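A.B. asks: Sharing a sequence plus its predicted fold:
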Amino acid sequence: MSPKSRWTILIFKGNDGSSPRKIKLSPLIAEILLVCLIGLAIFSAYSGYRLVTMRTQFSLLSNLKKENKDQARQLTVLAKKVSYLDQEVRELSAYNRHLSQVANITLKGREGIIGIGGGGGGVSLLSMNEPISEKMLARALHSHIKDLDDNVKIEEEISKRLLADLERRRSIMAHTPSIWPLRGWLTSPFGWRISPFTGKKEFHEGVDIAARYGSPIYAPADGIVTFYGRNGGYGNFLIINHGFGIVTRYGHLKGACVKVGQIVHRGQKIAYEGDTGRSTGPHLHYEVLVNGIHVNPKRYMLK
């Protein structure tokens with residue numbers, strides 16, 4: 001293109017048949033204008049891309065803020081639930097302590113176990129005045145939930161031990177003689193006495209209870225019948241093993257209404273008063289042995 005050449009731009013105003021307007025530009029001006037137009041097109045394209053990108057980022061940021069709010073709300077609800085559970089564990093721990101005191105039960109290692117747990121310290125972060133981030137709240141909840149889980153396991157173990165001890169005590173009470181086996185009057189106590197047969201001093205290993213001939217005899221506690229039959233001077237003789245080293249024996253019976261191997265319960269009819277064996281009249285000879293040693297049956301005839 002020669003220096004004298006010109007660029008001509010025709011501008012048409014409309015369809016009225018008028019002549020177009022001519023604008024003549026030098027090559028330099030035309031080139032500058034073309035560069036400007038290209039630059040403007042590139043800038044417009046880049047601005048449009050950045051605008052779309054920023055809108056996408058703003059949308060993602062808005063969604064993240066909404067999710068963060070939802071998470072914060074969920075964490076707050078979870079914190080309240082954990083606080084409620086923590087209070088439940090505290091109440092369980094207090095109940096276990098109270099129960100052990102009422103039942104006068106001392107569990108082996110109990111104080112050491114409770115020293116580890118005892119219900120934890122509560123979710124104190126709910127009552128904090130300073131703001132706390134969701135990340136810190138989540139970490140605090142995670143840590144406290146772990147402590148809470150440990151405390152629940154500890155209290156469950158304490159409850160199991162208490163229940164086992166109470167059950168054992170209940171079983172001991174159920175298997176410990178506590179009632180009169182025969183309703184009547186005591187004719188000969190436990191201990192040293194003058195024999196009605198020899199007139200000499202002898203040790204009476206049980207008590208004699210007299211009543212109308214054939215009166216029913218009842219089991220003084222839960223147990224199992226281990227013997228029934230003739231036994232020399234005792235006549236018809238019955239033995240019940242109550243467990244825990246306790247055995248009761250019954251002599252001079254008219255007969256029994258239970259069999260060997262049968263489980264009996266306190267207050268259950270087991271035999272009838274008689275006059276068999278070496279006897280001066282209808283009565284029951286009643287013995288109580290603890291770990292193989294004869295003890296005074298009166299101690300076990302509470303009602």
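C.D. replies: It's in. Treat the numbers as computed from the prediction; the structure is a model and nothing was measured.

A.B. asks: Show me where the stretch 51-200 of the chain has its helices.
C.D. replies: With DSSP state H, counting those that start in this stretch as the criterion, the stretch 51-200 of the chain has helices at 110-116, 134-174.

A.B. asks: Output those helices in a markdown table; the columns should cover mean neighbour count.
C.D. replies: Every residue, glycine included, has its C-beta placed from N, CA and C. Formatted as a markdown table, the entries for the helices of the stretch 51-200 of the chain read as follows, by neighbours: other CB atoms under 10 Å:
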| stretch | mean neighbour count |
| --- | --- |
| helix 110-116 | 13 |
| helix 134-174 | 15 |
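
A.B. asks: rank those helices by mean pLDDT and give me the bottom one.
C.D. replies: Among the helices of the stretch 51-200 of the chain, helix 110-116 carries the lowest mean pLDDT, a mean of 46.

A.B. asks: Dump the helices of the stretch 51-200 of the chain into TSV; add distance to residue 221 as well.
C.D. replies: Formatted as TSV, the helices of the stretch 51-200 of the chain follow (distance: least, CB to CB, whole Å):
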stretch	distance to residue 221
helix 110-116	30
helix 134-174	7
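
A.B. asks: Where do the strands of the stretch 1-150 of the chain begin and end?
C.D. replies: Counting by DSSP state E, counting those that start in this stretch, residue ranges of the strands within the stretch 1-150 of the chain are 7-11, 21-25.

A.B. asks: sorry, back to before: so for residue 273, which of the helices of the stretch 51-200 of the chain sits nearest?
C.D. replies: Among the helices of the stretch 51-200 of the chain, the nearest to residue 273 by CB to CB is helix 134-174 (24.8 Å).

A.B. asks: Quick check: which helices or strands does that closest one pack against?
C.D. replies: Applying 3 or more CB pairs under 8 Å, 6 or more residues apart in numbering; DSSP states H and E, one finds that helix 134-174 makes contact with helix 27-102, helix 110-116.

A.B. asks: Mean pLDDT lowest where, among the ones you listed?
C.D. replies: Going by mean pLDDT, the lowest-scoring of these is helix 110-116, which has a mean of 46.
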